[in-house]
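> Only the shape, not the letters, is given here:
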């Protein structure tokens, strides 16, 4: 079971609530649980699926763990109030719940938990590792491009893709089109835009695909939870709710037709020229051997991008202004 399936189960209450204090063997440095005793049986933790902020105090921690019996449990570490004491904080463990397995659920709920998708997207999800909105965007953009540019709607070696971001969409593009960074047919320009250009040398055709504005933003609630998760301030219930909102966004991106989801412009364009990957020269500053096409000319001195960025920071960072008033 993937983490996202467990989170969906917690949100939908497809769980066995336990709420029992248990004895836990744990790593004293990381606080990660190693084993716990429940109903006179010892369970060994085989994998930590995630750790979250506790819901009683800022110091508490919740662990989603997989055990050697194949089940997934939620363990809470609660710390007692030790204010005013010099001794290390004392705490206790609560075994909050167990995620119900597929064989314990009716068929309908199994499908909802796994969020079943079409076979093409399932293939992409298996390649990437999980389902997310950016993956869907890359998948649908690739499907549209192949349908428009390829005679049989299939990938071939004549296709090159220029992507203007570095999101999960790239994994979908690589998996569906066969264009990768390694074979030189996926060119990544990280401008932070959901914009993709698919070029084929058949008649020098190019298809520019951009996600429409109304599908860009995910809503305040989604963005607020995402920020809490990034700052490691989200509880397990908040992460579970975020998974539900993420699923809703995925469904929203799957529903519209291609022309409703994307702005599409077809043009004629020269086939992108591949870099000569065998020609290297030394950076004039650091001396590193660098692909010649990636060196930057700075007043006749050819330097690599990291050195260029470092020099730009040193020369163009505003200097602090000092007051003329003296104490």
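Structure received. This structure is a prediction, so every number in the text was calculated from the model and none was measured. Numbers count the residues shown, from 1 in each chain.
> Show me the shaky parts of the stretch 151-300 of the chain.
Within the stretch 151-300 of the chain, the ranges that satisfy pLDDT under 70 run 151-154, 202-203, 269-278.
> Let me know the helix or strand that residue 287 is in.
Secondary structure assignment for residue 287, by DSSP states H and E: no helix or strand.
> Count the residues that sit near it.
By other Cβ atoms under 10 Å, the residues close to residue 287 number 10. No exception for glycine: its C-beta is placed from N, CA and C like everyone else's.
> what's the answer for residue 263, then?
Counted with other Cβ under 10 Å, residues neighbouring residue 263 total 12.
> Pop the domain breakdown of the chain in here.
According to automatic domain parsing, the chain comprises the domains 3-107, 119-268, 280-315.
> and those domains, which is most packed in?
Mean neighbours per residue, mean count of other Cβ atoms under 10 Å, is largest over these for domain 119-268, with a mean of 17.
> got the end-to-end distance for it?
Across domain 119-268, the terminal residues are separated by 32 Å (Cα to Cα, to the nearest Å).
> As a check, name the ranges of all helices in the stretch 201-327 of the chain.
In order along the chain, the stretch 201-327 of the chain carries the following helices (DSSP state H, counting those that start in this stretch): 220-230, 236-254, 258-261, 305-316.
> Nearest approach to residue 80 belongs to which of these?
helix 236-254 (20.7 Å; Cβ to Cβ).
> Go ahead and name everything in contact with that closest one.
Residues from elsewhere that reach helix 236-254 (Cβ atoms under 8 Å, 6 or more residues apart in numbering): 4, 7-8, 10-11, 50, 52, 55, 62, 64, 74, 115, 117, 121, 131-133, 136-137, 140, 215, 218-219, 221-222, 225-226, 228-229, 234, 261.
> how about residue 159, what does it touch?
Contacts of residue 159 by Cβ under 8 Å, 6+ apart are 145-146, 149-150, 177-179, 185, 198-200.
> Compare the helices of the stretch 201-327 of the chain and report which one is nearest to residue 18.
helix 236-254 (14.4 Å).
> Could you give the separation of that closest one from the chain centroid?
The gap between where helix 236-254 is centred and where its chain is centred comes out at 13 Å by Cα atoms, centre = their mean, to the nearest Å.
> Please apply the same query to stretch 60-72.
22 Å.
> Please narrow the contacts of helix 236-254 to those residing in strands.
Judged by DSSP state E, those include 50, 52, 62, 64, 74 as members of strands.
> just to revisit the earlier point, with distance to residue 100 and secondary structure as new columns, can the contacts of residue 159 be given to me in a markdown table?
Shown next, in a markdown table, are these (distance: Cβ to Cβ, whole Å; DSSP: H, G, I helix; E, B strand; the rest coil):
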| residue | distance to residue 100 | secondary structure |
| --- | --- | --- |
| 145 | 41 | helix |
| 146 | 40 | helix |
| 149 | 46 | helix |
| 150 | 44 | coil |
| 177 | 39 | helix |
| 178 | 40 | coil |
| 179 | 41 | coil |
| 185 | 45 | coil |
| 198 | 44 | strand |
| 199 | 49 | strand |
| 200 | 49 | strand |
